[in-house]
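Colleague: sequence and computational prediction follow.
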Amino acid sequence: MAAKELPVVPSARPGTMAAADMSRLREQRPVIDMGKCNLCRECLLYCPDAALREDKNEIKVYLQFCKGCGICALECPTQAITMVGEYAGNRGFIDK
Amino acid sequence: MRLLLNGNEAAAHAARLARVEVLASYPITPAAPVMEKITQFIAEGTMRCNFVRVESDHSAMAAALGATMAGARSFLITNSQGLAYMSEVLYHTSGLRQPVVMAVVNRALAAPHSRFPEHGDVVAQETSGWIQIFCENNQEVLDSIIQAFRLGEDEQVRLPVMVNYEGYIQSHTRETVDMPEQEKIDAFLPLVRRPVLDVDNPLAVNTVTGPELYMDYKYHQDAALQRAGTLLGEISEAYGAVTGRNWGGAVTGYRLEDAEVVLVTMGSLVSTARIAVDALRAAGEKAGLLKIRLFRPFPAEAVREMLKPARAVVALDKNIVYGAGGALGRELRAALYGFTNVPVYSYILGLGGRDVGVEDLTAIYRQVNEGLAAGKFPALYQWYGL
Ligand code: SF4
Ligand code: SF4
């Protein structure tokens, strides 16, 4: 087997990480209650992965980028964001 | 022009002749006078260089790495504790394939605290992926630093280089040093710029790399390091054509023809061993010397060929790899294993500045001959001069 061809300096073009789908490692996802949201945009600023956008007076979560950290829910001044579990099945010890 | 220079001054002049653009260093004994001399050149206007003041050796290495990634020719100095403190960034520098050149003014590591010479500091970084050159005198320091830039910057290599010389024995002792003309060095060493940090071509550098690629990067890095071994010979020849001085690449022999017992060492002890070999030859003994100039990559194939006819090989190590022995002793055994049956006598000596003179080397030579006559298999390693 031959070694793969690679750039001499370990590096990647910008946007390489954006190609990775975060959904598989997320435990929870943010769900936004637009009834409580005042569009202050705090969540947009705090999200470390720029997974939130404002679109036509509505805050939207781009789930391919959201890693489920919950920072947005913690920072939202109106508690409009709730973290909801991705997995609804059995948890803990599996008793056969 | 010939000047009376100590090793540190020779290193500073080499950086000036190499037109170093960034010096990032933190003062440490006995290497600090190199940066003092370079800042003097900057103040006088005889050198155009940015001196980056940093708060530690770790930061110095990071700054030099960053400057090289931005396309500048960077240089730094350190030793012992400072080199150990840099260790993490040493691996970043070699892994990112940046040709920084560093003068390492070898000094023992604490504890107990020491300011005196030996090679333990640099041997501890033997797996850091840096090219490691050792110099026996101050002329070789000057010449090797200039060669180090050309070697590290070569497209086939692109790796950082440590140029080693010992504290005090070399750093603070004056010798006549021939200063090559600037034009000759400019012709020998054209400036190579390969900026990675480029606003017009943004890159995510040093990205998280998974099991599917990491090993392949390391394969390429090791192959590049191996190429540096061959290339040093060519570069030494090219330098010889310009200055009249050829230090002979990775490894050189002295009076090896018909030599039966060959001393092998590196750094300042090479000069001492040369005198010892002359004395032994004058007394009718068939002694020879092998000088290791390049410790990483280790020139195993050349060493094999050159030591093939020997009856005994004597490794003289100014370092101790605790629990394993001397670094050269270990390398020599590994290189010779399965190639010849020559016994390797491995000596640990000169640690923490303990002096090793010609008489010590002739005493070791006699011990080895007694061991050979008794047909005894040498110990894994032994301490000399306790
Ligand atoms: S959970 Fe974390 S990653 Fe997802 S939108 Fe909120 S802040 Fe961003
Ligand atoms: S922080 Fe809360 S209130 Fe502010 S925009 Fe985000 S969801 Fe709406």
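Modeller: Ah, there it is. Ligands and ions are numbered 1, 2, ... in the order given.
Colleague: spell out which residues sit in contact with the closest residue to residue B:114 other than its chain neighbours, please.
Modeller: Of all residues not flanking residue B:114 in the chain, residue B:108 sits nearest, at 4.0 Å (C-beta to C-beta, 6 or more residues apart in numbering or on different chains). Quick note: C-beta positions are derived from backbone N, CA and C, even for glycine. Neighbouring residues of residue B:108 by C-beta atoms under 8 Å, 6 or more residues apart in numbering or on different chains: B:80, B:114, B:116, B:117, B:118, B:120, B:121, B:351, B:352, B:353.
Colleague: recalculate using a threshold of 10 Å.
Modeller: B:79-81, B:114-121, B:167, B:318-319, B:350-354 (C-beta atoms under 10 Å, 6 or more residues apart in numbering or on different chains).
Colleague: so how far is residue A:85 from the residue of chain B found nearest ligand 1?
Modeller: In chain B, no residue comes nearer to ligand 1 than residue B:208, which is 17.3 Å away by C-beta to the nearest ligand atom. Residue B:208 sits 27 Å away from residue A:85, going by C-beta to C-beta, to the nearest Å.
Colleague: please enumerate the helices of chain A.
Modeller: For chain A, applying DSSP state H gives helices covering A:42-46, A:71-75.
Colleague: touching ligand 2 at all, the first one?
Modeller: So that's helix A:42-46. Yes. Counting by C-beta under 6 Å from any ligand atom, ligand 2 is contacted by helix A:42-46 at A:42, A:43.
Colleague: which residues does that helix contact?
Modeller: Contact with helix A:42-46 is made by A:30, A:32, A:37, A:50-54, A:59, A:61, A:69, A:71-78, A:80-81, as judged by C-beta under 10 Å, 6+ apart.
Colleague: what sits closest to the residue nearest the centre of chain A if chain neighbours are left out?
Modeller: Chain A has residue A:66 as the residue nearest its centroid, 1.1 Å off, counting by C-alpha atoms, centre = their mean. The shortest distance from residue A:66 to any non-neighbouring residue, by C-beta to C-beta, 6+ apart, is to residue A:51 (4.0 Å).
Colleague: I'd say residue B:55 and residue B:27 touch.
Modeller: No. Contact between residue B:55 and residue B:27 fails when scored by C-beta atoms under 10 Å: they sit 11.4 Å apart.
Colleague: neighbour count: those two, which is higher?
Modeller: More crowded of residue B:55 and residue B:27, by other C-beta atoms under 10 Å in any protein chain shown: residue B:27, with 15 against 8.
Colleague: okay, how far is it across stretch B:296-316, tip to tip?
Modeller: End-to-end distance for stretch B:296-316, by C-alpha to C-alpha, to the nearest Å: 17 Å.
Colleague: circling back: can I get the helices of chain A in JSON lines including distance to residue B:236 and mean pLDDT?
Modeller: Shown next, in JSON lines, are the helices of chain A (distance: least, C-beta to C-beta, whole Å; pLDDT from 0 to 100):
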{"stretch": "helix A:42-46", "distance to residue B:236": "58", "mean pLDDT": "97"}
{"stretch": "helix A:71-75", "distance to residue B:236": "57", "mean pLDDT": "98"}
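Colleague: got the residues of chain A near ligand 2?
Modeller: Contact residues, chain A versus ligand 2 (C-beta under 6 Å from any ligand atom): A:32, A:37-43, A:59, A:76, A:78, A:80-81.
Colleague: from these, which is closest to residue A:5?
Modeller: Set against residue A:5, the nearest of the residues of chain A next to ligand 2 by C-beta to C-beta is residue A:43 (41.8 Å).
Colleague: distance-wise, check the closest residue to that closest one other than its chain neighbours relative to residue A:40.
Modeller: Leaving aside its sequence neighbours, residue A:43 sits nearest to residue A:72 (C-beta to C-beta, 6+ apart; 4.0 Å). To residue A:40, residue A:72 is 12 Å away according to C-beta to C-beta.
Colleague: and for the two, which residues touch both?
Modeller: In contact with both residue A:72 and residue A:40: A:59, A:80, using C-beta under 10 Å, 6+ apart.
Colleague: what about those two, which has more around it?
Modeller: Per other C-beta under 10 Å, whichever of residue A:72 and residue A:40 has more neighbours is residue A:72, with 24 against 14.
Colleague: wait, what's in contact with residue 77?
Modeller: Defaulting to chain A. Counting by C-beta under 10 Å, 6+ apart, residue A:77 makes contact with A:38, A:40, A:42, A:43.
Colleague: hmm, I had chain B in mind actually
Modeller: By C-beta under 10 Å, 6+ apart, the contact set of residue B:77 is B:8, B:11-12, B:15, B:23-28, B:30-35, B:38, B:57, B:60, B:102-105, B:163, B:171.
Colleague: stretch B:293-303: how far from the chain's middle?
Modeller: 11 Å (C-alpha atoms, centre = their mean, to the nearest Å).
Colleague: buried set for that stretch?
Modeller: Residues B:293, B:294, B:295, B:296, B:297, B:298, B:299, B:300, B:302, B:303 are the ones in stretch B:293-303 that count as buried (16 or more other C-beta atoms under 10 Å in any protein chain shown).
Colleague: which residues does the third one contact?
Modeller: Going back to what we said before, that points to residue B:295. Counting by C-beta under 10 Å, 6+ apart, residue B:295 touches B:119, B:122-123, B:126, B:131-134, B:162, B:164, B:250-251, B:266-267, B:327-328, B:331.
Colleague: residue B:271 touches residue B:139, doesn't it?
Modeller: No. Counting by C-beta under 10 Å, residue B:271 does not reach residue B:139; the two are 11.2 Å apart.
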